[in-house]
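Peer 1: Have a look; sequence and predicted model below, questions after that.
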Amino acid sequence: MASESHHHDVPAMDYAEHDKTFGLFATLIKWGTVLSLTITILAGTFTGTIPWLFGLAVIVALTAITAKFF
């Protein structure tokens with residue numbers, strides 16, 4: 001029983017596909033975070049807690065920094 005080895009034809013790992021999947025996952029997390037922060041900042045501007053100009057500047061800066069560096 002334990003001495004019997006079971007050899008199955010298992011395909012090799014597809015590392016290129018794993019890398020593509022992780023890249024998609026990281027991209028969705030990155031832009032999902034930016035979208036969540038944008039919605040939060042817009043909610044602050046709609047309630048008057050944050051001035052419109054400041055909120056707009058932060059959203060633009062956040063999007064530009066994320067697109068450039070991440």
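Peer 2: All right, it came through fine.

Peer 1: contacting residues for Val58?
Peer 2: Residues counted as contacts of Val58 (C-beta atoms under 8 Å, 6 or more residues apart in numbering) are Ile41. C-beta coordinates here come from the backbone N, C-alpha and C atoms, glycine included.

Peer 1: need the helices for the protein, in chain order.
Peer 2: 15-47, 52-69 (DSSP state H).

Peer 1: Please work out the average pLDDT along the shortest one.
Peer 2: Across helix 52-69, the average pLDDT comes to 95.

Peer 1: buried sites along that helix?
Peer 2: Neighbour counts using 16 or more other C-beta atoms under 10 Å place 55, 58-59 of helix 52-69 among the buried residues.

Peer 1: Can you lay out the helices of the chain as JSON lines showing distance to Asp9?
Peer 2: Written out in JSON lines, the entries for the helices of the chain read as follows (distance: least, C-beta to C-beta, whole Å):
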{"stretch": "helix 15-47", "distance to Asp9": "19"}
{"stretch": "helix 52-69", "distance to Asp9": "44"}
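
Peer 1: Can you say which of the ones you listed is nearest to Glu4?
Peer 2: Across the helices of the chain, the minimum distance to Glu4, taken as C-beta to C-beta, is reached by helix 15-47, at 30.9 Å.
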